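> Just a sequence and a predicted model for now, questions to come.
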Amino acid sequence: MMNQSQGNIDPDTAVPTRHWHALDGGRVQCDLCPRLCRLHAGQRGLCFIRGNLDGRIVLTSYGRSSGFCVDPIEKKPLNHFLPGTPVLSFGTAGCNLACKFCQNWDMSKSRHMDTLMDQASPAAIARAAERLGCRSVAYTYNDPVIFHEYAIDVAKACREQGIKSVAVTAGYVCAEPRKEFYAHMDAANVDLKAFTDAFYLKQTGAHLQPVLETLVYIKHETRVWLELTTLLIPGLNDSDEELNLMTRWVVRELGPDVPMHFTAFHPDWKMHDIPPTPRATLQRARRIAMDNGVRYAYTGNVHDPEGGSTFCHHCGQELIGRDGYVLTAWNLTLDGRCDRCGTPCAGVFGPKGEWGARRLPVQIA
């Protein structure tokens, strides 16, 4: 894909990258994601933070963030990974998708490096997570695929401190960098934005198949805990037919234990002509998923305590009650089993977290 996104690249802050190769005529191809941007000197890719400097692809946002915040892990959303615990979250600028419905467009669509006001080294982020009592760090707000090198270095520093790493991503990445990236992650929530290539192409400027390949890779080739999120947009990706196809594929290719989150759309970015998703649509999607064998299906971005809670797939007991991001019940043993029937609940568990719904912006530098 040719990309004409221009912008000055500061050689003093640019960091070399590995996933690229030279083309004829002085152009360079970025091999990080399936867009395969082919860039002339000085050009940036669609993601904006990777560009061609002196015949090589560089990263322009290393060590720079659009902000740090301590969130509940359930906000990522992850319901089966250290429930109730705080996670130190950060992102950069830009994105390698062009979603018309982006709910985080102020960062992901930013073309201004002034967005990246907070600076922090990987070691500083790991130390801050430990100091703040966070058991994990999340690469989120925009897709960590595009700040690949920075995310990996932060994950390495975190692992040395016993802090886990969480990727919140659309999963749009090529095979070699995907393997490298997930070797350093402990959990991932992947946006499965729809289940038709037509939706991906028209609404995101991307394709479905690379995302499916990422999901299969994470589930079967890594030890990364995986959960999925689908933002349901009225009339675009919320039909019974599409939800049936999607959830049956998940059970067949990924297994029944991969949690699915169906979340509500609200009008934003370039899609103000579509109304918010009714709660009934999310509840219908949850029922379809569970009827097709998904053991853990959730609703999100609406008030629905039942749809946000975790139940034992064997005896039906409420294992983790949730009202928004607040845990209201806890009926799991320390090793993650139902305390009534002993059936394991899939996930990564420990003592019940008590962080609640707090959101705490922090300064790292």
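Looks like it came in fine. Numbers count the residues shown, from 1 in each chain.
> tell me the pLDDT at Gly94?
The confidence metric pLDDT takes the value 89 at Gly94.
> Could you measure from it over to Asp10?
Distance, Gly94 to Asp10, using CB to CB, to the nearest Å: 15 Å. Glycine gets a C-beta too; all of them are placed from N, C-alpha and C.
> Tell me which of the two has more neighbours.
More crowded of Gly94 and Asp10, by other CB atoms under 10 Å: Gly94, with 28 against 11.
> Backbone torsions only: list them for that one.
The phi and psi values for Gly94, taken as degrees, to the nearest 10, are phi 80, psi 170.
> hang on, it packs against Gly51?
No: under the contact definition of CB atoms under 8 Å, Gly94 does not touch Gly51, with a separation of 10.6 Å.
> surely Leu206 meets Lys100?
Residue 206: Ala, not Leu. No: when contacts are counted by CB under 8 Å, Ala206 is not listed as touching Lys100 (11.9 Å).
> which residues touch Cys33?
Cys47, Asn96, Val145, Ile146, Tyr172, Val173, Cys174, Pro177 (CB atoms under 8 Å, 6 or more residues apart in numbering).
> Likewise for Glu306?
By CB under 8 Å, 6+ apart, Glu306 lies in contact with nothing.
> Quick check: it is in a strand.
No: counting by DSSP: H, G, I helix; E, B strand; the rest coil, Glu306 is located in no strand; its state is helix.
> Tell me the confidence at it?
At Glu306, the pLDDT recorded in the model is 98.
> Looking at Ala206 and Lys100 now, which is surrounded by more residues?
Between Ala206 and Lys100, counted using other CB under 10 Å, the more crowded position is Ala206 (24 against 16).
> Regarding the more buried one, which helix or strand does it belong to?
For Ala206, there is no enclosing helix or strand under DSSP states H and E.
> if I pick it, what's in contact with it?
So Ala206 contacts Pro34, Arg35, Asn96, Leu97, Ala98, Ala170, Tyr172, Tyr200 (CB under 8 Å, 6+ apart).
> closest to Phe81 among those?
Within those, the smallest distance to Phe81 is 18.6 Å, found for Ala170 (CB to CB).
> State which strand of this structure is the longest.
Selection of the longest strand in the chain by residue count, based on DSSP state E, yields strand 225-232.
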